[in-house]
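K.L.:
Need a 3D model of the following:
(2 chains)
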Amino acid sequence: MMGEQLPSDEDLLQRMLSGDEEGFVTLYRRRQAGVYRFALHMSGSETMAEDVTQEVFLALMREAAKFDARRGSLAAFLYGIARNHVLRSLDRQGFRDSTPQSEPASPDADPLGRLTRNETIQSVRSAVLALPVHYREVVVLCELHEMDYAQAAAALGCAVGTVRSRLHRARGLLAERLRDTSRDSLVAGQIKPARCSI
Amino acid sequence: MNCREFEDAVFEVAREWGADVAALAHAEACPRCAARLGNEREVAAALRALATHSQSCEAPARVERALIASFRRGASARPAGRPGALWPIWGVAAAVVLLAAATALQPRAPGPAVSSSPAVSEPVEAADAGEFATEYFALQPGTDLTALDGAPVVRMQLPRTVLVAFGLPMNPERAEEPINADVVLGPDGIARAVRFVN
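P.N.:
Just a heads-up that it's a prediction; the model follows:
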């Protein structure tokens, strides 16, 4: 049986540019979650993530002509716009190199497991948010969004080698922070994170 | 493989991106590198936990609704089959011009509602303390904003939905609330530029 070929992002963009609402909606639904999560991981703020997502797709409507498929995928283009908006928002709020707030945990039927998991998640989230922004963005893209170095480089507008070296340094910082967090938790007599202790 | 080469490979090995037999064999023979690999696996697992935890995060439905509304407004103003400018900005500009003219003709309450200070070339941060202002948007094609230095500025309130027409994000939950706008008047009293103040 032949599977139905999904339209590419570029096809959807062309449809969007010709005024096809369905093309726009399909493209939005395909890409919004990634953009939203990128902004959320970068800022720790759901409000900022929501605003950035809206701004990214408004910018796409306005500036789609700037997209050049030879320079990277449409997804990378969207992440690049999102990154610029996030950095501006963080600068505006004085959060670029400090730890912003984070979103509440989701409900779970297993309270003990949730406690341990939430502590683990919270430790990692805090450690990521505490990274300097140029390290944070490579961790978010390469580790949390599973982009390869080339895709991340296209989104960030830098060289692949830069992504790789920043990621190397970022992982070292993350390991240190998670180790510190684990030590603090033990000293405070709290539940030890299940997988974060190093 | 020596320890230095192992260091280059340890991230990929920890993330199981590929079966690096040589690196794994080295870790088995070298306690220091084995510990290093263990640490990296802990970091990788922690990041995977965060990625999994946030996998279902996405932008709220209201963002999609607002964007679709923006798209429809843009599409209705776009000549058929021609990509490009999506926003009926000049229609909005005309409304701003009329509002500004009406405001300028009315007696004004005492206070700082009208400023004759040169605001056009000032940076965004030049708004009053605690305010955030956008850049100025020209209301007529070809307007040289720098030529408006020293022109009078009228503070007025506009429907928040106007933001969308200028390609700015609008919080749909506050769509009913007006937004402050600084309108720059030309020597003839006609509005030439506008910025939005939050």
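K.L.:
okay, A:G44: pLDDT?
P.N.:
According to the prediction, A:G44 has pLDDT 89.
K.L.:
And for B:A138?
P.N.:
For B:A138, the predicted pLDDT is 79.
K.L.:
Measure how buried it is and give me the count.
P.N.:
For B:A138, the neighbour count with other C-beta atoms under 10 Å in any protein chain shown is 17. C-beta coordinates here come from the backbone N, C-alpha and C atoms, glycine included.
K.L.:
ok, now A:L74?
P.N.:
19.
K.L.:
Pull the contacting residues for A:E146.
P.N.:
B:A51 (C-beta atoms under 8 Å, 6 or more residues apart in numbering or on different chains).
K.L.:
Please repeat the previous calculation with a cut-off of 7 Å.
P.N.:
If you count contacts by C-beta atoms under 7 Å, 6 or more residues apart in numbering or on different chains, A:E146 has none.
K.L.:
Mind pulling up the pLDDT for the closest residue to chain B within chain A?
P.N.:
Here chain A gets closest to chain B at one residue, A:L17, 3.5 Å apart by C-beta to the nearest C-beta. You'll see A:L17 listed with a pLDDT of 88.
K.L.:
what's it sitting at in phi/psi?
P.N.:
A:L17 has phi and psi values of phi -70, psi -30 when expressed as degrees, to the nearest 10.
K.L.:
cool, and A:P132?
P.N.:
According to degrees, to the nearest 10, A:P132 has phi -50, psi 150.
K.L.:
what residues does the lengthiest helix in chain B touch?
P.N.:
Secondary structure of chain B per DSSP state H: the longest helix is helix B:31-53. Outside helix B:31-53, the residues that touch it by C-beta under 7 Å, 6+ apart are A:120-121, A:124-125, A:143-144, A:171, A:174-175, A:178, A:195-198, B:3, B:6, B:10-11, B:13-15, B:26-28.
K.L.:
Check which residues of it are buried.
P.N.:
Across helix B:31-53, burial judged by 16 or more other C-beta atoms under 10 Å in any protein chain shown covers B:33, B:36-37, B:39-51, B:53.
K.L.:
The residue of chain A closest to chain B: how many residues sit nearby?
P.N.:
21.
K.L.:
now swap in the one 5 residues further on and tell me
P.N.:
Neighbour count of A:E22, defined by other C-beta under 10 Å: 10.
K.L.:
Over to it. Which of the three states is it?
P.N.:
helix (DSSP: H, G, I helix; E, B strand; the rest coil).
K.L.:
ok, longest helix in chain A?
P.N.:
Per DSSP H, chain A has its longest helix at helix A:160-187.
K.L.:
Surely A:L144 and A:M42 touch.
P.N.:
No. If you go by C-beta atoms under 7 Å, A:L144 and A:M42 don't touch, sitting 9.9 Å apart.
K.L.:
neighbour count winner among these two?
P.N.:
Neighbours were counted for A:L144 and for A:M42 using other C-beta under 10 Å; A:M42 has more, 30 against 22.
K.L.:
A:E137 versus the more buried one, what's the distance?
P.N.:
7 Å (C-beta to C-beta, to the nearest Å).
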